[in-house]
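In: sequence plus the predicted model coming up.
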Amino acid sequence: MMGSENDQESKEKMKSLFLREESDPFTRSDQSNSNYRSAMSTLSDSRHPSIVVTPANSDPLFAPQSRSKPNGGSNRDSSSSSYLEPPSYADVIFSPFDDNSEINGSDDGGGSSRHSQSSDSLSRSPSSLTSDYIKITVSSPQKEQESTNSMIPGGNTYVTYQITTRTNLSEYNGSEFSVRRRFRDVVTLADRLAESYRGFCIPPRPDKSVVESQVMQKQEFVEQRRVALEKYLRRLGSHPVIRKSDELKVFLQAQGKLPLATSTDVASRMLDGAVKLPRQLFGDASSSSVEVVQPARGGGRDFLRLFKELRQSVSNDWGGVKPAVVEEDKEFLEKKEKMYDLEQQIINASQQAESLVKAQQDMGETMGELGLAFIKLTKFENEEAVFNSQRVRANDMKNLATSAVKASRFYRELNSQTVKHLDTLHDYLGLMMAVQGAFADRSSALLTVQTLLSEISSLEGRAEKLEAASAKVFGGDKSRIKKIEELKETIKVTKDSKNVAIREYEQIKENNWCEVERLDRERRADFLNMMKGFVVSQVGYAEKIANVWTKVAEETSQYNRESS
Amino acid sequence: MESTEQTRSISGSMQSPRSPSSLPYLSVSVTDPVKLGNGVQAYISYRVITKTNLPEYQGPEKIVIRRYSDFVWLRDRLFEKYKGIFIPPLPEKSAVEKFRFSAEFIEMRRAALDIFVNRIALHPEVQQSEDLRTFLQADEETMDRFRFQETGIFKKPADLMQMFRDVQSKVSDAVLGKEKPVEETTAAYEKLKHYIYELENHLAEAQKHAYRLVKRHRELGQSLLDFGKAVKLLGACEGEPTGKAFSDLGTKSELLSIKLQKEAQQVLMNFEEPLKDYVRYVQSIKATIAERGTAFKQHCELAETTKLKEINLDKLMLTRSDKVGEAEIEYREIKAESEVATRRFERIVTRMEEEIVRFQEQKTEEMGVAFHQFAKGQARLANSIADAWRSLLPKLEASSAVQI
């Protein structure tokens, strides 16, 4: 059961290699992955214990402070017959609660500060092997007051957040800058991005949470919002196209008031909702479930066209539960369905992950309580001891209690790691919504095209009728001829619009395809990383816990009564 | 179970029956639980196998069938006859679980009953009890009759006398204006009583958390199972290589879920149950303390009454009353009773002193075993968890390589 020490050197190396995300605000989200992967490949190469690897980014500040236990406890006789003993993950995973800590050791290292690494879980893909990076932090929420025309004494207060960016992208002027923005600005940013990047999988912005803002404690709500904003902005920053967009640049850099057009186009917003109404009424399950008050989609669509599109979609819908848009692309429909299935499974897995986390949490808590109960017993027996047998028992209890408390802490630490890793599932729920948005862009662009086509055909029909009628009148019908000319002009304009709309539709189709490809790739890589992270921390902590209990088993070995 | 002070008495069940027959032994096992009867009247019967070379017993081996209430009978008899001795506790009556009679419940009860009988068989004094012999040997009908007598409405004469005396002493208390009950006040005994009462509280808390820990194992096992299934479904949606990775992850999860359920059972039987037994033991000691209190009170009261009678007798003798004869007889009777009561009380005190030593040593041993098994079980579980997850890593690594 005791581990041998022949892997000592490689263990020490691997310790400094291991990705230490929890307390490292300086880790770039992109580069962290390459560190991780090199760490992992070293681990799997450790059949040759003489490998010396210097990590690209080791920061001595974060080297482990406590000496690892010499016995890894991982040296199983089991499956590793063909190669040398696998490395001990217990040593790789740094814990402030390893061996020598007292029962009443400080607790601050255990809880990880999630807010700084919550979105690091999206670190991933090969594209980030380049040295481009952009790192966004949201902090110091502050209350401010609206200074202009408030009739109400005290005025309207709102909260601003400090948004700090560090980047080396050439599109930005500078490498580090900071602005103050309020939530309304974020909504504006999201709206403008949605207009400019139709067909793209744009990460959804944080909710307005009207209800929550009333119900929750102000501080709690503000903190929740700060976390959500940071996550959102980081996702935008990791999108290869959007990170270079004007909208984001301006949002992150422009001092003072945000120079983006605000979404005051209430009418078009209303109508967007109305466009979706028929679908909702007829229960089209595959239509996007985005909130009704959505930013106006598509640039420059006029009022009139919107009405027509509404009519068109109703006429498309009429006659039962039919898809609002006549989509013929089979591949697209298949993809859409696959995405839907995937989303359902992600939801399910995310829920089960939550249960798992809760169960781990409970285990840790109860183990701790058990330990404490035995500590009390130990104290009691020692105080009241009359016989030596009592002192012996008190000592045995103390060993058990100490280990139980240690194990309890390990469970809790493991859990915060688990949360961090499995959160990827939760993140992807948001991204699935982005995919839906991209598909919806495509559908609405197609609707525009179809509306225009049907309009053209109806205009041409009218023109034909007028021509036929006018031909019957001898010498020409001045008023009809005039009307025909006007109609022909309108038809020409409409045809131009149609061409534009078709081009846009094709472009959006292309965007869709690229984005979905990219997302699939990234998602697969992210999920693999998630699994690796999850599994590594499980192994590491299971080893630590095993060590703790093995110690007690040894301390109580005189009570071994097993007849073998 | 081995205890060291057994040299002067019969060795216990650990002794092999094949050892030289000159060494006296008494070995009992409770086995083979069988559910009998239907519905509300269902009960479990156990096979009780006795192996011995003691002359008082009817032969080298005897098998009888007993049920839970027979064990209760035995314990009640021993508690009556051997005051001052910590009679081992029985598992709870548990009217509710009885109806469900899960395999787990049955096995735990059987194990507890086995321990119960063995502890009695190992006890230097109690193992000589005639009631024990009856229990181990009498045929089922006789046993039924005995048991019925005890639980029937018709109490034995001795009980009636005891009830009478209790009433009597209460009345005399009221008459003499005694409000507070008479109690021993030696420092050592006070300390012991305090210790026992406090100990029960601490142990009950530890046992509560131990029970919860069992539940947590089960819950974690269940959630791993559900997680494994969900992850497998997710893998089915995803293309390769992620799909296979998820499938492997799910399979491991499901495997570990089984291990957790097994460990839950182990913790229940080898850790929580001994703690519960410890609590029961302490409760049984409390009952003995109560007995001692009653005996002490009797001893005090009878001593006092004797003194009064003596004074009265002396008075009568001085006045040469003709009531002297009567008074003398009364005095002698009371004095004899008082001596009996005093002896009874003193025997309880002596027994308790020995029992305490025995109890502490026994508990240290039993708890040590329980802790050891618990620690081993937890270490084993953690190691198999580590092994299972570790085996996934090369596969995940391979999948990543394909990806990139």
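Out: Done, it's in. Residues are numbered from 1 along each chain as shown, chains lettered A, B, ... in the order given.
In: from now on I want contacts and neighbour counts done on CA atoms only, so please keep to that.
Out: OK.
In: for the chain, just list every one of the helices.
Out: Let's take chain A. A:8-17, A:29-44, A:89-92, A:114-117, A:183-196, A:210-215, A:218-238, A:246-253, A:266-281, A:303-317, A:330-384, A:388-472, A:478-555 (DSSP state H).
In: that's the wrong chain, I meant chain B
Out: All helices of chain B, identified by DSSP H, fall at B:68-81, B:95-100, B:103-122, B:130-137, B:140-151, B:157-176, B:187-237, B:242-267, B:273-318, B:324-403.
In: what's the most buried one of the helices of chain A?
Out: Neighbour counts (mean count of other C-alpha atoms under 10 Å in any protein chain shown) averaged over each of these peak at helix A:89-92, with a mean of 27.
In: show me the least confident stretch of the helices of chain A, going by mean pLDDT.
Out: Lowest mean pLDDT within these: helix A:114-117, a mean of 35.
In: skipping its backbone neighbours, what lies nearest the closest residue to chain A within the stretch 51-200 of chain B in space?
Out: At 7.0 Å from chain A, B:Tyr195 is the closest residue in the stretch 51-200 of chain B, using C-alpha to the nearest C-alpha. Among residues not flanking B:Tyr195 along the chain, A:Glu384 sits closest, at 7.0 Å (C-alpha to C-alpha, 6 or more residues apart in numbering or on different chains).
In: dump the residue contacts of the most centrally placed residue in chain B.
Out: Chain B has B:Pro89 as the residue nearest its centroid, 2.5 Å off, counting by C-alpha atoms, centre = their mean. By C-alpha atoms under 8 Å, 6 or more residues apart in numbering or on different chains, the residues touching B:Pro89 are B:116, B:277, B:280-281, B:284.
In: please redo it, this time with the cut-off set to 10 Å
Out: Residues in contact with B:Pro89 (C-alpha atoms under 10 Å, 6 or more residues apart in numbering or on different chains) are B:72, B:75, B:112-113, B:115-117, B:119, B:277-285.
In: same deal with A:Ile456?
Out: Shown in contact with A:Ile456 (C-alpha under 10 Å, 6+ apart): A:450, A:462, A:490-495, A:498.
In: closest to chain B among those?
Out: Nearest to chain B among those is A:Gln450, at 33.1 Å by C-alpha to the nearest C-alpha.
In: surely the closest one meets A:Ala501?
Out: Yes. If you go by C-alpha atoms under 10 Å, A:Gln450 and A:Ala501 touch, sitting 9.4 Å apart.
In: pLDDT score for the nearest residue to B:Thr350 once chain neighbours are set aside?
Out: Spatial nearest neighbour of B:Thr350, chain neighbours left out: B:Gly84 (7.9 Å); criterion: C-alpha to C-alpha, 6+ apart. We have a pLDDT of 91 for B:Gly84.
In: chain B versus A:Asn415, what's the distance?
Out: Distance of A:Asn415 to chain B, computed by C-alpha to the nearest C-alpha, to the nearest Å: 12 Å.
In: so how far is B:Phe227 from that residue?
Out: Distance, A:Asn415 to B:Phe227, by C-alpha to C-alpha, to the nearest Å: 15 Å.
In: same check on B:Asp248?
Out: Distance from B:Asp248 to B:Phe227, by C-alpha to C-alpha: 12 Å.
In: re the thing from before, possible to save the helices of chain B as CSV with mean neighbour count, distance to A:Phe439 and mean pLDDT?
Out: What follows is the helices of chain B, written out as CSV (neighbours: other C-alpha atoms under 10 Å in any protein chain shown; distance: least, C-alpha to C-alpha, whole Å; pLDDT from 0 to 100):
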stretch, mean neighbour count, distance to A:Phe439, mean pLDDT
helix B:68-81, 17, 70, 93
helix B:95-100, 11, 56, 61
helix B:103-122, 19, 55, 91
helix B:130-137, 18, 81, 92
helix B:140-151, 14, 79, 80
helix B:157-176, 12, 88, 61
helix B:187-237, 20, 19, 95
helix B:242-267, 21, 24, 94
helix B:273-318, 19, 60, 92
helix B:324-403, 19, 26, 92
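In: okay, the ones you listed in a markdown table with distance to A:Val539 next?
Out: Shown next, in a markdown table, are those (distance: least, C-alpha to C-alpha, whole Å):
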| stretch | distance to A:Val539 |
| --- | --- |
| helix B:68-81 | 46 |
| helix B:95-100 | 39 |
| helix B:103-122 | 31 |
| helix B:130-137 | 52 |
| helix B:140-151 | 57 |
| helix B:157-176 | 64 |
| helix B:187-237 | 15 |
| helix B:242-267 | 12 |
| helix B:273-318 | 30 |
| helix B:324-403 | 4 |
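In: closest to A:Ala471 out of those helices?
Out: With C-alpha to C-alpha as the measure, helix B:187-237 is the member of the helices of chain B nearest A:Ala471 (63.6 Å).
In: how far does the closest one sit from its chain's centre?
Out: 21 Å (C-alpha atoms, centre = their mean, to the nearest Å).
In: repeat that for stretch B:44-53.
Out: Its chain's C-alpha centre and that of stretch B:44-53 lie 18 Å apart, by C-alpha atoms, centre = their mean.
In: quick check: mean pLDDT across it?
Out: pLDDT averaged over stretch B:44-53 gives 92.
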